[in-house]
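Chemist: what follows is a predicted structure for the sequence shown.
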2 protein chains.
Amino acid sequence: MKHLAISVGDLNGVGMDIILRCHDEISKFCSPIYCINQTMLLKAIKLLNFKPTTSMNLQNVKGKFEIEVAKVTASSGEFSYNSFLSAIELCEKGEADAVVTLPINKEAWEMAGLSYKGHTDMLRDHFKADAIMMLGCEELFVPLYTEHIPLKEVSSTIQEDKLVTFLLNLHNSIEDKKVAVLGLNPHAGDNGVLGDEERVIESAITIANAKIGKTIFEGAIVPDIAFTPHFRKNYKYICAMYHDQGLAPLKALYFDESINVSLNLPIVRTSVDHGTAFDIAYKKVASTTSYINALKSAIKQSELRDD
Amino acid sequence: MKHLAISVGDLNGVGMDIILRCHDEISKFCSPIYCINQTMLLKAIKLLNFKPTTSMNLQNVKGKFEIEVAKVTASSGEFSYNSFLSAIELCEKGEADAVVTLPINKEAWEMAGLSYKGHTDMLRDHFKADAIMMLGCEELFVPLYTEHIPLKEVSSTIQEDKLVTFLLNLHNSIEDKKVAVLGLNPHAGDNGVLGDEERVIESAITIANAKIGKTIFEGAIVPDIAFTPHFRKNYKYICAMYHDQGLAPLKALYFDESINVSLNLPIVRTSVDHGTAFDIAYKKVASTTSYINALKSAIKQSELRDD
């Protein structure tokens, strides 16, 4: 069984709630290593009125503080970072096959003096690599060409050489399946009447396919047609040019099921695709679907690398 | 029963196929007036192997030509325009309560020397009014603040006075229900980190609500959260800042059901939300859901004006 290093996320949020409710179930298909110390684990267990267990394999993470449910605190921010770093190190040392992360709180990271915008940002810096962010589930995955930038800056990022590199990196990171690549403009520009970035996108697709030696990428696809049932039944991967172009339809269709995958890195990392959900933390009601899917996807990604 | 003027669309496309298959069904809940002449009607009936009928109320439209299934022709473009104009005139004369349009072919309009980009564009010119384009179905309607412009031009259109006018016109055109208004940027700008157009949007919302005297508009809403099941269950109307922001998730969810409504005009106009579908024209397989919904919505919009 694959060994998965679990970064526990912000302890004031929904992470340990989900982790503890799923431990028995996930132990059937993977060997989880929880990046948390015994003291903090017991505090979380107590909050949930669960019985202490010795069946959980822990990777010690330094730090002790009071869990304050639904509060943004520096100590909780720092601990969640240390748990994440510890999970990465387990992979780097070959003691785990992949990292799976529960949600951190960005403000808590700021309070702890951490300047990263999130997990993916930290991974880029840690590995000095162009991580590709992909969200989705087995029904539909959406890799993003751009992510957290203002909408008005998206157009200027559509450059042929950068897009070719992105597409080739993407192809190296996922299954050998065809990928629909979206245009940028309404109706994919309508032959240039509504914008002309599609010329660049189509040129990049042609070059990338030639380098691969077969037609992997198809486009530029009309963005508001790509997610209709008739179109998407033929594609597991739909590559978006910007954040909401891909994530608004994805989350409309598969909100609970979706996960976040970091591609093009030395290690495998998957994550739940939701936040700390302070309002329902430690209430035993949060959906566990995204967590289970993140674990299964981590196993699958890891197996892809075994081939 | 409401009298609905039916603009038959491009006769080489799927319009008459849908119209003729639905005539008996829709006659139960409305009085359709078909804007087509007897000769062209009989040609369409023959192509479908239907029996000629005298039960259809026609508004004569000049023009005779051979129907060439799935072809873009000037004669077909011109006829579809004349049918549309004739339907509008029926409303203007008070002989119909609303116009319902089947799809035209933009290239055929061009070949016929017509410069309009489509129905809505023609309506704006005909009535010299700022028509608002709204797509959707009873489960979810998406009014668009901007439509057919390049993505890179969207940001500069976010201006307070224009947005206030748009919101007030929108409120005057639909039911008195709350409307979620989307932000422009990922995470609705994340407090200015990912763009600041949301300040303008929020200011316009505040002004519009004050003028109306109650909270109709809410936002700026995070775009990729707005269409999740949890969020949208509380809103029938989600107003998008640009074309694909609203239409990609809408069509992901409700492709077959959706229709197109033109608001803020002297007349009521609804339309199917699909194209001429040349590939399946006269094959009796095209979905009729959008057409039926467009008729029902036209009746509802007309009744709103009776109040």
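Modeler: Ah, there it is. Residues are numbered from 1 along each chain as shown, chains lettered A, B, ... in the order given.

Chemist: which residues of the stretch 51-200 of chain A lie near chain B?
Modeler: Of all the residues in the stretch 51-200 of chain A, those in contact range of chain B (Cβ under 8 Å from any Cβ of the partner chain) are A:147-152, A:154-156, A:184-187, A:189-190, A:194-197. (Each C-beta comes from the backbone N, C-alpha and C, glycine too.)

Chemist: quick one: buried ones out of those residues?
Modeler: The neighbour count (16 or more other Cβ atoms under 10 Å in any protein chain shown) marks A:147-152, A:154-155, A:184-187, A:189-190, A:194-195, A:197 as buried among these.

Chemist: mind checking which helix or strand A:Leu58 is in?
Modeler: If you go by DSSP states H and E, A:Leu58 is part of strand A:57-59.

Chemist: got the buried residues for that strand?
Modeler: Using 16+ other Cβ under 10 Å as the test for burial, strand A:57-59 gives A:Gln59.

Chemist: so what are the sheet partners of it and their directions?
Modeler: Sheet pairing of strand A:57-59 (DSSP bridges) gives strand A:31-35 (parallel).

Chemist: quick one: the helix or strand following the partner strand to strand A:31-35, angle?
Modeler: The element immediately downstream of strand A:31-35 (helix or strand, assigned by DSSP H and E) is helix A:38-47. Between helix A:38-47 and strand A:31-35, the angle comes out at 100 degrees (axes from the mean of the first three to the mean of the last three Cα atoms, to 10 degrees).

Chemist: the stretch 201-307 of chain A against chain B: which residues are in contact?
Modeler: So far as Cβ under 8 Å from any Cβ goes, the stretch 201-307 of chain A lies against chain B at A:223-230, A:232, A:242-245, A:247-253, A:255.

Chemist: skip ahead from the strand holding A:Leu58 and say which helix or strand is next.
Modeler: helix A:74-92.

Chemist: let's test this: mean pLDDT of that next one, rounded?
Modeler: Helix A:74-92 carries an average pLDDT of 98.

Chemist: which other helices and strands contact that helix?
Modeler: Here helix A:74-92 touches strand A:3-7, strand A:31-35, strand A:57-59, strand A:98-101, helix A:106-111, helix A:119-127, going by 3 or more Cβ pairs under 8 Å, 6 or more residues apart in numbering or on different chains; DSSP states H and E.

Chemist: which of the ones you listed sits most buried?
Modeler: Stretch with highest mean neighbour count among these: strand A:98-101 (a mean of 28; mean count of other Cβ atoms under 10 Å in any protein chain shown).

Chemist: in chain A, which residue is closest to the centre?
Modeler: A:Asn260 (2.0 Å; Cα atoms, centre = their mean).

Chemist: hmm, it is touching A:Cys137, no?
Modeler: No. Using Cβ atoms under 8 Å, A:Asn260 is not in contact with A:Cys137, being 10.8 Å away.

Chemist: okay, A:Ala70 and A:Ala281: tell me how far apart.
Modeler: Using Cβ to Cβ, to the nearest Å, we find A:Ala70 at a distance of 6 Å from A:Ala281.

Chemist: overlap in contacts of the two?
Modeler: A:Asn12, A:Gly13 (Cβ atoms under 8 Å, 6 or more residues apart in numbering or on different chains).

Chemist: the more surrounded of those two?
Modeler: Taking other Cβ atoms under 10 Å in any protein chain shown, A:Ala70 and A:Ala281 do not tie; A:Ala281 has more neighbours (24 against 14).

Chemist: what about the residue nearest to the more buried one when sequence neighbours are not counted, how many residues nearby?
Modeler: Spatially, and ignoring its direct neighbours in sequence, A:Ala281 is nearest to A:Val14 (4.6 Å; Cβ to Cβ, 6 or more residues apart in numbering or on different chains). A:Val14 has 28 neighbouring residues, counting by other Cβ under 10 Å.

Chemist: tell me how far A:Val14 lies from chain B.
Modeler: 15 Å (Cβ to the nearest Cβ, to the nearest Å).

Chemist: same thing with A:Arg124?
Modeler: A:Arg124 is 17 Å from chain B, by Cβ to the nearest Cβ.

Chemist: what's the answer for A:Glu25, then?
Modeler: Going from A:Glu25 to chain B by Cβ to the nearest Cβ gives 24 Å.

Chemist: list the residues that contact that residue.
Modeler: Neighbouring residues of A:Glu25 by Cβ under 8 Å, 6+ apart: A:Ile292.

Chemist: neighbours of A:Ile292, how many?
Modeler: A count of nearby residues for A:Ile292, using other Cβ under 10 Å, gives 18.

Chemist: right, and it touches A:Cys22 too?
Modeler: Yes. Look at A:Ile292 against A:Cys22 with Cβ under 8 Å: they come within range, at 6.6 Å.

Chemist: per-domain residue ranges of chain A.
Modeler: Domain assignment of chain A by automatic domain parsing yields the ranges A:1-131+A:263-307, A:139-256.

Chemist: these: which one's closest to B:Asp10?
Modeler: With Cβ to Cβ as the measure, domain A:139-256 is the member of the domains of chain A nearest B:Asp10 (17.4 Å).

Chemist: tell me how far the ends of the closest one are from each other?
Modeler: 13 Å (Cα to Cα, to the nearest Å).

Chemist: do stretch A:127-135 as well
Modeler: One end of stretch A:127-135 sits 21 Å from the other (Cα to Cα).

Chemist: which positions within that stretch qualify as buried?
Modeler: Neighbour-count burial for stretch A:127-135 [16+ other Cβ under 10 Å]: A:Phe127, A:Ala131, A:Ile132, A:Met133, A:Met134, A:Leu135.

Chemist: after the strand or helix carrying the last one comes which helix or strand?
Modeler: Secondary structure from DSSP H and E places A:Leu135 in strand A:132-137. Reading on from strand A:132-137 to the C-terminus, the next helix or strand found by DSSP H and E is strand A:140-143.

Chemist: pLDDT on that following strand, on average?
Modeler: The pLDDT scores in strand A:140-143 average 98.

Chemist: and that strand, what other elements does it pack with?
Modeler: The contact analysis (3+ Cβ pairs under 8 Å, 6+ apart) places strand A:140-143 against strand A:132-137, strand A:237-239, helix A:243-254.

Chemist: columns distance to A:Thr53 on top of the ones you listed, output as JSON lines?
Modeler: Converted to JSON lines, those look like this (distance: least, Cβ to Cβ, whole Å):
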{"stretch": "strand A:132-137", "distance to A:Thr53": "30"}
{"stretch": "strand A:237-239", "distance to A:Thr53": "39"}
{"stretch": "helix A:243-254", "distance to A:Thr53": "32"}
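
Chemist: out of those, which is the most enclosed?
Modeler: Comparing the helices and strands packed on strand A:140-143 by mean neighbour count (mean count of other Cβ under 10 Å), helix A:243-254 ranks first with a mean of 28.

Chemist: got the buried residues for the next helix-or-strand element following that one?
Modeler: Sequence-wise, the next helix or strand downstream of helix A:243-254 (DSSP H and E) is strand A:259-263. Across strand A:259-263, burial judged by 16+ other Cβ under 10 Å covers A:Ile259, A:Asn260, A:Val261, A:Ser262, A:Leu263.

Chemist: equivalent analysis for stretch A:165-173, please.
Modeler: Residues of stretch A:165-173 classed as buried: A:Phe166, A:Leu167, A:Leu168, A:Asn169, A:Leu170, A:His171, A:Ser173 (neighbour count, 16+ other Cβ under 10 Å).

Chemist: and A:Gly94, how far is that from A:Asp224?
Modeler: A:Gly94 is 45 Å from A:Asp224, where distance means Cβ to Cβ.
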